[in-house]
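[1] predicted model and sequence follow; I will ask about them next.
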Amino acid sequence: MAKDRASRRARLRQQTADDSGAIDKRRDSNVSFAEEYAYVLKDLRWVFALAAIMFVLLVVLNLVLQ
């Protein structure tokens, strides 16, 4: 019974050590992903701003031309 508990604790320690390494790798990949695709967010903001301006322009033109 004591051997079972000790082996269970050892397995849990090993799993925890393995999991922490995987988390670090995921963090590194997320950081590099964010850095590599930062221009996409900038471009999306620009596209949404242009879309909003065009929508307002359409509404104004509709009111003026009626």
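    Received, thanks.
[2] remind me which residues of the chain are low pLDDT?
    1-3, 16-30 (pLDDT under 70).
[3] for residue 38, what are its contacts?
    If a contact means C-beta atoms under 8 Å, 6 or more residues apart in numbering, then residue 38 has no contacts. Where C-beta positions appear, they are placed from N, C-alpha and C, glycine not excepted.
[4] helices of this structure, start to end?
    With helices called from DSSP state H, the chain shows them at 2-36, 38-65.
[5] off-centre distance for the last one?
    Relative to the mean C-alpha coordinate of its chain, helix 38-65 is positioned 25 Å out (C-alpha atoms, centre = their mean, to the nearest Å).
[6] what number of residues lie near residue 8?
    By other C-beta atoms under 10 Å, the residues close to residue 8 number 10.
[7] hmm, I typed the wrong one, I wanted residue 60.
    For residue 60, the count of nearby residues is 10 (other C-beta under 10 Å).
[8] what do you get for residue 62?
    Using other C-beta under 10 Å: residue 62 sits among 9 other residues.
[9] also residue 6?
    10.
[10] quick check: the gap between it and residue 63.
    79 Å (C-beta to C-beta, to the nearest Å).
[11] before we move on, what about residue 36?
    Plainly put, residue 36 is 44 Å away from residue 63 if you go by C-beta to C-beta.
[12] residue 55 now?
    To residue 63, residue 55 is 13 Å away according to C-beta to C-beta.
[13] between those two, what contacts are shared?
    What both residue 55 and residue 63 touch, as defined by C-beta under 8 Å, 6+ apart, is an empty set.
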